[in-house]
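Engineer: build me a structure from this.
(one chain, ligands or ions: 4)
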Amino acid sequence: MKLGELTGGSETATVTGFAIDHRKVAPGTIFGAFRGLRVDGEAFIDDAIRAGAVAVVARPEARVTGAVHIAAENPRERLAQLAALFFAPFPEIAVAVTGTNGKTSTVEMARQLWRMAGHAAASIGTLGVTTADERVSTGLTTPDVVTFLSNAAGLAREGVTHLAFEASSHGLTQYRTEGLNVAAAAFTNLSRDHLDYHGDMGAYLTAKLRLFSEVLSANGVAVVWADDVESARVIDLAHARGNRLVTVGTRGATLRLVERDPTLLGQGLVIEAEGALHRVRLPLIGGYQAANALVAAGLVIACGGDTAQTLANLSRLQPVRGRLERAAIARSGAPVYVDYAHTPDALEAAIAALKPHAGGRLSVVFGAGGDRDAGKRETMGQVAQAQADRVIVTDDNPRTEDAAAIRAAILKGAPSAEEIGDRRQAIATAIREAGPEDIVLIAGKGHEQGQVVGDLVLPFDDVTVARESAA
Ligand SMILES: CC(=O)N[C@H]1[C@@H](OP(=O)(O)OP(=O)(O)OC[C@H]2O[C@@H](n3ccc(=O)[nH]c3=O)[C@H](O)[C@@H]2O)O[C@H](CO)[C@@H](O)[C@@H]1O[C@H](C)C(=O)N[C@@H](C)C(=O)N[C@H](CCC(=O)O)C(=O)O
Ligand SMILES: Nc1ncnc2c1ncn2[C@@H]1O[C@H](COP(=O)(O)OP(=O)(O)OP(=O)(O)O)[C@@H](O)[C@H]1O
Ligand SMILES: N[C@H](CCC[C@H](N)C(=O)O)C(=O)O
Ligand SMILES: [Mg+2]
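Structural biologist: Numbers count the residues shown, from 1 in each chain. Ligands and ions are numbered 1, 2, ... in the order given. Alright, predicted model coming up:
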């Protein structure tokens, strides 16, 4: 493709690809020079040109010599637009999910529901790029825009027609999810997380709302979990912009959750839709999984899926990796669950999901990640102490922080908790000491395969460790 075909100009240089990291520039690349949180990408412009960049997308003030300067006040947005032209076509139907918790679960469930309806479907998010055949990790929830668009195009080439992706607040702020025609966008909920990056809850919500004000197509559908306190903001935005609305939840108008009865291995749901009552046996436990399943169904229906069939298919949903995953049974008979709760709200939801199933005590083992919102730590401690019967505070991913200091911050909120820094030992203790009627919840790392300590990623999988401890 010629540069001029992308820019609308007369440049004849051949474009071979895109890069936002100068170390990935090859001859023919268009380089996006972004001013980031850590470093200023404009400092790498000369290096990128030496490596063969034919054009540089950068602010008008940036100095670009030896390559075409594509000047833009918002270089991230401009680069995304150009890359979308280059990588297209994409799957015909794309939907996005934002919210503090539930994104991964919702995109995975939407993918499954589409597949049950006979579509070639995929998802992109925390678990990686998932198709019916394989799962490839990208390392981030919302990958950088070049990875995102090239993956989406690759999926289309493989025949994928339906794509559900997670739009994290970082991804939305950094324009990582531009360029697709987004037919429907969903909002799951908003609660405390990532204030280290966004500063305050207002800015965090604003970042998420960009999905509905700018990324969702003008004729797209907004799918909203109606029971959240911030749902009204999304609903107002959709009204203002003229987007069709699908609302779900006990306050939902499209899919109204009328009844929810926990059973041993799942829950019975009664859902009112299109004037009729639908009874569904969801094979997953916990109110939060019912919420995510309804949002996923809302997305599928928003894109033309048959309502009755989609709701009926909920009874065949497979569990999502690391989300209330039953990892092992302790020798005493106590079930051990692994869950990805790493915010106060998620921890509360995970404990609430398991509590009705515990005849005895509910023990929770958790920590908090380093180099992430420090303000959530004490609240997570408070939630655990208030809701669980036994609390063991351990390490999550300390990253570059002092692990003991992170634990101390959590213990401030949970003064009567036990402290066992070593995660393996903490898990083993909880499992060994669980009684027959108890339940053990290991929270925070879900599907993760490593523990990040400093610059090292040490192999660690909560599910495997739980099984070893239970054996
Ligand atoms: C805080 C954050 O989001 N950082 C991400 C972001 O950084 P940034 O734009 O501020 O970049 P920077 O590191 O200051 O660098 C500026 C620019 O210079 C470029 N550069 C940098 C160094 C160099 O040698 N050459 C070069 O060209 C970079 O590619 C970048 O374009 O852009 C980088 C390139 O795409 C990402 O790798 C990086 O993710 C870091 C590793 C990260 O940990 N991100 C997490 C917090 C994250 O994004 N999480 C979200 C939310 C998780 C959730 O679901 O809750 C996610 O979507 O995964
Ligand atoms: N609808 C929900 N309401 C409250 N808590 C939830 C909800 N969905 C999930 N959770 C909690 O959040 C955890 C993470 O869920 P999931 O991975 O689906 O969310 P996510 O938004 O993708 O998270 P991340 O921001 O890390 O990508 C779950 O393990 C559970 O504890
Ligand atoms: N996407 C989230 C994942 C957090 C998972 C938790 N195990 C941690 O390390 O804090 C983040 O990057 O903040
Ligand atoms: Mg996720």
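
Engineer: surely Leu299 and Ile93 touch.
Structural biologist: No - using Cβ atoms under 8 Å as the test, Leu299 is too far from Ile93 to be in contact (9.8 Å). In this view, the C-beta of every residue, glycine as well, is placed from N, C-alpha and C.

Engineer: quick one: which of these two has more around it?
Structural biologist: Leu299 (31 against 22; other Cβ atoms under 10 Å).

Engineer: next secondary structure after the strand or helix carrying the more buried one?
Structural biologist: Element membership for Leu299 (DSSP states H and E) is helix 287-302. Helices and strands here follow DSSP H and E; after helix 287-302, the next one along the chain is helix 307-313.

Engineer: which other helices and strands contact that following helix?
Structural biologist: If you count contacts as 3 or more Cβ pairs under 8 Å, 6 or more residues apart in numbering; DSSP states H and E, helix 307-313 packs onto helix 103-116, strand 267-273, strand 276-282, helix 287-302.

Engineer: in that helix, which residues are buried?
Structural biologist: Using 16 or more other Cβ atoms under 10 Å as the test for burial, helix 307-313 gives 307, 310-311, 313.

Engineer: could you report the pLDDT at His198?
Structural biologist: Turning to His198, the model gives it a pLDDT of 82.

Engineer: spatially nearest residue to it (excluding sequence neighbours)?
Structural biologist: Leaving aside its chain neighbours, His198 sits nearest to Tyr204 (4.1 Å; criterion: Cβ to Cβ, 6 or more residues apart in numbering).

Engineer: is the host helix or strand of the one you found up against ligand 2 anywhere?
Structural biologist: Per DSSP H and E, Tyr204 falls inside helix 201-210. No - contact of helix 201-210 with ligand 2 (Cβ under 6 Å from any ligand atom) is absent, the minimum separation being 10.8 Å.

Engineer: buried sites along that helix?
Structural biologist: Counting neighbours by 16+ other Cβ under 10 Å, one finds that the buried residues in helix 201-210 are 204-210.

Engineer: which one of those is nearest to Gly66?
Structural biologist: Using Cβ to Cβ, Arg210 comes nearest to Gly66 of the buried residues of helix 201-210, at 34.6 Å.

Engineer: quick check: the closest one vs Gln387, distance?
Structural biologist: Distance, Arg210 to Gln387, using Cβ to Cβ, to the nearest Å: 33 Å.

Engineer: same question for Asp40.
Structural biologist: Counting by Cβ to Cβ, the gap from Asp40 to Gln387 is 45 Å.

Engineer: next: Ala297.
Structural biologist: To Gln387, Ala297 is 28 Å away according to Cβ to Cβ.

Engineer: circling back to that earlier point, let's see the helix holding Tyr204 as CSV, backbone CA atoms only.
Structural biologist: Backbone C-alpha positions of helix 201-210 (Å, rounded to 0.1, in the frame of the first residue of the first chain) are rendered in CSV as follows:
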residue,chain,number,x,y,z
MET,A,201,-13.3,8.3,40.1
GLY,A,202,-14.7,11.1,37.9
ALA,A,203,-11.7,10.9,35.5
TYR,A,204,-12.0,7.1,35.6
LEU,A,205,-15.7,7.2,34.7
THR,A,206,-15.0,9.7,31.9
ALA,A,207,-12.3,7.4,30.4
LYS,A,208,-14.9,4.6,30.3
LEU,A,209,-17.6,6.7,28.9
ARG,A,210,-15.5,7.5,25.8
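
Engineer: and the next helix-or-strand element following that helix, which residues are buried?
Structural biologist: Next helix or strand after helix 201-210 toward the C-terminus (DSSP H and E): strand 216-225. In terms of neighbour count (16+ other Cβ under 10 Å), strand 216-225 has its buried residues at 216, 220-225.

Engineer: what is the most widely separated pair among those?
Structural biologist: Gly220 and Trp225 (17.1 Å).

Engineer: from Leu324, how far out is the residue of the stretch 201-350 of the chain found nearest ligand 3?
Structural biologist: Nearest residue of the stretch 201-350 of the chain to ligand 3, counting by Cβ to the nearest ligand atom: His342, 4.1 Å away. For His342, the distance to Leu324 equals 14 Å [Cβ to Cβ].

Engineer: give me the residues contacting the least confident helix or strand in the chain by mean pLDDT.
Structural biologist: Within the chain, no helix or strand scores below helix 195-198, which has a mean of 84 by mean pLDDT, DSSP states H and E. Residues outside helix 195-198 that contact it (Cβ atoms under 8 Å, 6 or more residues apart in numbering) are 37, 169-170, 173, 201, 204, 207, 371-376.

Engineer: also near ligand 3: which of those residues, exactly?
Structural biologist: Counting by Cβ under 6 Å from any ligand atom, the members of the contacts of helix 195-198 near ligand 3 are Arg372.

Engineer: reformat the contacts of helix 195-198 as JSON lines; add pLDDT.
Structural biologist: Shown next, in JSON lines, are the contacts of helix 195-198 (pLDDT from 0 to 100):
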{"residue": "Leu37", "pLDDT": "90"}
{"residue": "Ser169", "pLDDT": "93"}
{"residue": "His170", "pLDDT": "94"}
{"residue": "Thr173", "pLDDT": "93"}
{"residue": "Met201", "pLDDT": "87"}
{"residue": "Tyr204", "pLDDT": "84"}
{"residue": "Ala207", "pLDDT": "89"}
{"residue": "Asp371", "pLDDT": "96"}
{"residue": "Arg372", "pLDDT": "96"}
{"residue": "Asp373", "pLDDT": "94"}
{"residue": "Ala374", "pLDDT": "96"}
{"residue": "Gly375", "pLDDT": "94"}
{"residue": "Lys376", "pLDDT": "96"}
